[in-house]
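Asks: All I have is the shape, not the residue letters:
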Ligand SMILES: Nc1ncnc2c1ncn2[C@@H]1O[C@H](COP(=O)(O)OP(=O)(O)O)[C@@H](O)[C@H]1O
Ligand SMILES: [Mg+2]
């Protein structure tokens, strides 16, 4: 299972839109097994997948009461099926705020390793885990970063983009000791047809020095309508431009991840051959 976190410390830039669309396309259209994780106390992605319960169990229990830390829950018990084939979810609600406070006050070593430990239990059951993060770099976000293979940073043109990207990069650097291989990739969202938007896109891809998806997601009212209607965008607007853009993002993602997995396997194999030769 590859863990992909959608994260940035900016609000309203399309984190939930990105996470929910990628999960839907991977699960429903590509038939991959997807585990959605809601790491935002607002519970927006839980709402889109119709599993939001203000008093229900989910991410808070995973971080506070998982059996890996002596609690009562297995990961499986915190996962709910959604109405979509291949897509399951660990939901979140307002209790996550309290969970963050609790973890912050603890001084145990496993305080930031908890999400990783819980995900190891279901490692073989899913192809992708897509995590929708909230705004804060809190204990939930730190737990997610320690476990992530890839962090997608959505960027909406409109100011302070560079700060947001660089903040994320600093956080990743600070956690390198716990997660040396985590990568970050910028995704431009809500692109418009004007000059400013085009210049920003060119700067992001060619001069920012950050790894970036080639696809920029366009802006369209259909995306907002899908959110208002409470449905994942690719379900609500099957042929809309934003859905098409997210399909292109998924294609890039699959190529990227499957290629890097292949490379890793090849390295493994060549190491084995070398070992044999030297034996
Ligand atoms: N490509 C897009 N075009 C137009 N509106 C979008 C697009 N992506 C997201 N939105 C809208 O922007 C708002 C914020 O998006 P959301 O994904 O909730 O952001 P975040 O999770 O980063 O706070 C929502 O109303 C959503 O419908
Ligand atoms: Mg959100």
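Replies: Cool, the structure landed. Just so you know, these numbers come straight off a predicted model, no measurement behind them. Ligands and ions are numbered 1, 2, ... in the order given.
Asks: What about the closest residue in space to residue 68 that isn't next to it in sequence, how many residues nearby?
Replies: Spatially, and ignoring its direct neighbours in sequence, residue 68 is nearest to residue 117 (4.0 Å; Cβ to Cβ, 6 or more residues apart in numbering). All C-beta atoms are positioned from the backbone trio N, CA, C, and that covers glycine. By the measure other Cβ atoms under 10 Å, the count of residues near residue 117 is 18.
Asks: Tell me how far residue 117 lies from residue 220.
Replies: From residue 117 over to residue 220 the distance is 40 Å, taken as Cβ to Cβ, to the nearest Å.
Asks: With residue 167 instead?
Replies: 28 Å.
Asks: and if you look at residue 55?
Replies: The value you get for residue 55 to residue 220, if Cβ to Cβ is used, is 36 Å.
Asks: State the mean pLDDT of the strand or helix carrying residue 251.
Replies: Secondary-structure assignment from DSSP states H and E places residue 251 in helix 241-278. The average pLDDT for helix 241-278 rounds to 79.
Asks: hang on, residue 23 in a strand?
Replies: No: under DSSP: H, G, I helix; E, B strand; the rest coil, residue 23 sits outside any strand and is assigned helix.
Asks: ok, back up a step: my guess is the residue nearest to residue 68 contacts residue 66. True?
Replies: Yes: here residue 117 reaches residue 66: they are 7.1 Å apart, a contact under Cβ atoms under 8 Å.
Asks: Spatially, and excluding backbone neighbours, which residue is closest to the closest residue to ligand 2 within the stretch 1-150 of the chain.
Replies: Distance from ligand 2 to each residue of the stretch 1-150 of the chain (Cβ to the ion) is smallest for residue 16, at 3.3 Å. Excluding its sequence neighbours, the residue lying closest to residue 16 (Cβ to Cβ, 6+ apart) is residue 44, at 4.6 Å.
Asks: Can you identify each of the strands in the stretch 1-150 of the chain by residue range?
Replies: 2-6, 34-39, 80-81, 87-90, 128-133, 150-156 (DSSP state E, counting those that start in this stretch).
Asks: average pLDDT for the second one?
Replies: Averaged across strand 34-39, the pLDDT comes to 98.
Asks: same thing with the first one?
Replies: This predicted structure assigns strand 2-6 an average pLDDT of 98.
Asks: hmm, who's touching stretch 231-249?
Replies: Contact with stretch 231-249 is made by 17-18, 20-25, 28-29, 48-49, 84, 187, 213, 215-220, 222-223, 225-227, 229, as judged by Cβ atoms under 8 Å, 6 or more residues apart in numbering.
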